[in-house]
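J.: here is a sequence with its predicted model. Questions after.
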Amino acid sequence: MKKTLFLFALLGSVLLGSPATARNHSQKAAEKVRTISVDYNQVKGDFNHMFRECVGAGRANEGLRADWQQQLAVAHKDCGFQYIRMHGLLTDDMGVYKMDRNGKPEYNFQYIDALYDYILSIGMKPFVELGFMPNALASGDKTIFWWRGNVTPPRDYDQWADLIRHLVQHFTQRYGADEVKTWYFEVWNEPNLSGFWAGTQQEYFKLYKYTVEAIKGIDKEYRVGGPATAGAAWVPEMINFCEKNHVPIDFISTHTYGVKQGFLDEYGTTGTVLNKDKWAVSGNVIHSRKQISESSMPNLELHYTEWSASYTPHDPIHDSYHEAAYILEKLKQVGNAANSMSYWTFTDIFEEAGPRFTPFHGGFGLMNYQGIKKPAFFAYSYLNKMGKTELQDADSASWACKDADGDMQLLFWDFTYTLPDSVNNQAYYIRNLPSKPKGKVNVELSGVPAGKYQLEVYRIGYDINDPYTTYYQLGKPNQLSRQEVAFIKKKNSGAPVAEDLIQVDTSGKFSKEFPLRENDVYLVKLVKL
């Protein structure tokens with residue numbers, strides 16, 4: 001019997017690993033050294049800013065709120081976003097369209113004016129998503145979301161074209177053709193999903209044709225595209241339709257998310273699982289670029305007008321420190337394949353499933369209702385701190401840049417997939433998740449101009465610029481007091497975690513070692529004095 005128990009114990013230690021083995025693995029991870037070597041004089045080219053070209057928001061009517069506008073100004077200032085895209089521009093809560101008693105269309109753009117005036121006033125531009133259907137123009141009563149966006153085709157395509165023509169003419173008169181030429185017009189949202197489009201693919205193509213011809217009738221240089229599909233769908237079909245029917249198209253737009261199942265969670269009730277595939281998200285983008293390059297229109301721009309780790313507004317990975325490293329990993333993998341990667345979304349002020357009842361509920365936003373900046377926000381703000389010139393860097397999880405004034409920046413991270421098998425995001429990322437050590441990163445810089453520098457070190461990770469963990473430590477209250485909001489913001493302010501004055505001698509060399517844990521993110525800046 002003792003011999004049998006011994007054999008079982010031995011077998012268990014082989015299959016599962018003994019505590020001593022686990023400790024050895026942990027010790028080896030802690031001792032591992034990753035070296036990042038960068039030469040100040042080895043230039044790769046201009047740093048690609050596709051990550052900040054556009055950002056998403058829920059719906060147009062939310063953009064009339066003061067807190068939404070305040071958060072957008074912060075996101076633009078800190079993260080550098082240039083365009084903003086949102087649903088519901090033509091939905092009835094924007095008061096755009098109705099019929100008078102004689103059946104004649106009436107147009108009203110006052111709410112849109114208030115929204116777009118604000119967006120332009122802070123230095124951003126609209127990425128105009130044309131949807132959903134005004135009820136007075138709709139062919140049916142099928143809607144989506146708490147705010148009931150009508151997703152049916154127009155009952156009269158000519159009247160739809162008239163609405164688009166009046167809207168774009170209004171934009172031209174109000175803002176000038178030169179300004180509107182810098183915008184993008186995207187036709188509808190995710191028409192390959194029945195939840196978003198009650199028609200067929202051919203009916204969507206018909207909608208696109210009427211729309212683009214109405215817009216180009218105002219000015220041929222206005223930029224129009226689609227199909228704005230979920231899951232990177234319909235790209236060859238869209239191009240083939242436009243070529244065959246001599247329909248203009250200026251760009252392809254589509255969407256991708258990093259979870260394994262589904263495309264739509266209307267009311268935030270779906271369980272999701274982060275995809276283990278290394279090329280989730282980025283693989284779709286690269287494939288879309290390949291589809292375009294092999295088509296009859298190989299030079300079309302490619303805009304991913306929605307992307308994130310998850311498509312549901314109830315996924316706690318959005319709030320987690322894991323999301324920061326995930327964002328950087330995917331953007332690095334995408335490289336130059338896309339002209340823009342629009343993160344969905346900049347704020348939790350987002351009501352597809354109705355108003356949310358807790359301050360951290362897995363919302364899409366870079367900031368929560370109270371304007372608390374999540375780790376994802378800091379990832380984008382770090383990217384925005386990078387210099388204009390990218391340097392050669394063989395490390396696959398970092399970027400190195402410099403500015404003309406001699407400043408230098410290095411952004412590096414670890415992305416580790418930690419989700420256990422048979423556990424979904426909603427059960428895992430709500431936990432307190434201390435990160436395990438991954439060793440050290442040895443940064444070796446050469447060719448640095450001699451002189452004095454201010455060294456600034458910024459960091460994201462478990463309990464560092466990690467407001468959800470602070471919220472967890474407070475007991476996850478359903479409502480936050482003003483004092484609690486102030487405490488969370490102060491503890492996760494994004495300030496440097498270390499600063500020092502250093503001297504680089506004539507050898508031009510600088511080196512420093514940094515401890516690394518799972519899903520840590522570092523930004524190291526050398527500011528020339």
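T.: Great, that's in hand. Bear in mind the structure is a predicted one, so any value in this text is a computation, not a measurement.

J.: what about Val212, neighbour count?
T.: The local packing of Val212 (other C-beta atoms under 10 Å) involves 23 other residues. Placement of C-beta: from N, CA and C, glycine included.

J.: how close does it get to Phe412?
T.: Distance, Val212 to Phe412, using C-beta to C-beta, to the nearest Å: 43 Å.

J.: again with Asn432
T.: Per C-beta to C-beta, Asn432 is found 25 Å from Phe412.

J.: which one's more surrounded, those two?
T.: Neighbour count, other C-beta under 10 Å: between Asn432 and Phe412, Phe412 has more, with 22 against 10.

J.: what sits closest to the most centrally placed residue in the chain if chain neighbours are left out?
T.: The centroid of the chain falls nearest to Tyr343 when counting by C-alpha atoms, centre = their mean (1.6 Å). Among residues not flanking Tyr343 along the chain, Val55 sits closest, at 5.5 Å (C-beta to C-beta, 6 or more residues apart in numbering).

J.: report the mean confidence score over the helix or strand containing the one you found.
T.: Assigned by DSSP states H and E, Val55 belongs to strand 54-59. Averaging pLDDT along strand 54-59 yields 98.

J.: wait, is Val224 part of a strand?
T.: Yes: under DSSP: H, G, I helix; E, B strand; the rest coil, Val224 falls within a strand.

J.: who does it bridge with?
T.: Assessed by DSSP bridges, Val224 has beta-bridge partners Phe185.

J.: tally of neighbours for it?
T.: Using other C-beta under 10 Å, Val224 has 25 neighbouring residues.

J.: that one and Met238, how far apart?
T.: Taken as C-beta to C-beta, the span from Val224 to Met238 is 12 Å.

J.: what do these two both touch?
T.: Shared contacts of Val224 and Met238 (C-beta atoms under 8 Å, 6 or more residues apart in numbering): Ile249.

J.: which stretches of this structure have low pLDDT?
T.: Within the chain, the ranges that satisfy pLDDT under 70 run 1-30.

J.: helices of that one, start to end?
T.: Counting by DSSP state H, the chain has helices at residues 2-16, 19-31, 66-79, 110-121, 157-175, 177-180, 201-218, 235-245, 282-293, 322-334, 375-384, 425-428, 467-473, 482-491.

J.: list the contacts of the third one.
T.: Going back to what we said before, that points to helix 66-79. Residues outside helix 66-79 that contact it (C-beta under 8 Å, 6+ apart) are 52, 55, 57, 62-63, 81, 84, 118-119, 122-124, 346-347, 349, 366-367, 369, 371, 377, 380-381, 383-384.

J.: still on that earlier bit, the residue nearest to Tyr343 against Ser342, yeah?
T.: Yes: using C-beta atoms under 8 Å, Val55 is in contact with Ser342, at 5.8 Å.

J.: what's the overlap in contacts for these two?
T.: Joint contacts of Val55 and Ser342 (C-beta under 8 Å, 6+ apart) are Tyr83, Arg85.

J.: just the buried positions in stretch 91-104, please.
T.: Going by neighbour count (16 or more other C-beta atoms under 10 Å), the buried part of stretch 91-104 is Thr91, Asp92, Met94, Val96, Tyr97.

J.: can I see the domain layout of this structure?
T.: The record assigns the chain these domain ranges, following automatic domain parsing: 30-46+391-528, 50-385.

J.: go through the ones you listed and pick out the most buried.
T.: Most buried of these by mean neighbour count (mean count of other C-beta atoms under 10 Å) is domain 50-385; its value is a mean of 20.

J.: what's the end-to-end length of that domain?
T.: For domain 50-385, the first-to-last residue distance is 14 Å (C-alpha to C-alpha, to the nearest Å).

J.: could you do stretch 73-88 as well?
T.: Where stretch 73-88 begins and where it ends lie 21 Å apart, using C-alpha to C-alpha.

J.: just stretch 88-96 next, same as before
T.: End-to-end distance of stretch 88-96: 11 Å, with C-alpha to C-alpha as the criterion.

J.: do stretch 496-509 as well
T.: So stretch 496-509: terminal residues 23 Å apart, C-alpha to C-alpha.

J.: again, but for stretch 356-372
T.: Stretch 356-372: ends 15 Å apart by C-alpha to C-alpha.

J.: how far away is the residue nearest to the centre of the chain from Phe51?
T.: From Tyr343 over to Phe51 (counting by C-beta to C-beta), the distance is 8 Å.

J.: which neighbours do the two share?
T.: Counting by C-beta under 8 Å, 6+ apart, the common neighbours of Tyr343 and Phe51 are Tyr380.

J.: circling back: now the angle from the strand holding Val55 to helix 110-121?
T.: 150 degrees (axes from the mean of the first three to the mean of the last three C-alpha atoms, to 10 degrees).

J.: which neighbouring elements make contact with strand 54-59?
T.: Here strand 54-59 touches helix 66-79, strand 83-87, strand 301-308, strand 340-343, going by 3 or more C-beta pairs under 8 Å, 6 or more residues apart in numbering; DSSP states H and E.

J.: dump those into CSV; add distance to Pro105 as well.
T.: Putting these into CSV (distance: least, C-beta to C-beta, whole Å) gives the following:
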stretch, distance to Pro105
helix 66-79, 29
strand 83-87, 22
strand 301-308, 28
strand 340-343, 32
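
J.: for Leu207, what are its contacts?
T.: Leu207 neighbours (C-beta under 8 Å, 6+ apart): Pro153, Pro154, Tyr157, Trp160, Val187, Trp188, Pro191, Gly199.

J.: in strands, which of those appear?
T.: Val187 (DSSP state E).

J.: ok, so of the contacts of Leu207, who is nearest Thr272?
T.: Pro191 (22.7 Å; C-beta to C-beta).

J.: who touches that closest one in this structure?
T.: Contacts of Pro191 (C-beta under 8 Å, 6+ apart): Trp197, Gly199, Gln201, Tyr204, Leu207, Pro227, Ala228, Thr229, Trp234.

J.: understood, closing this out.
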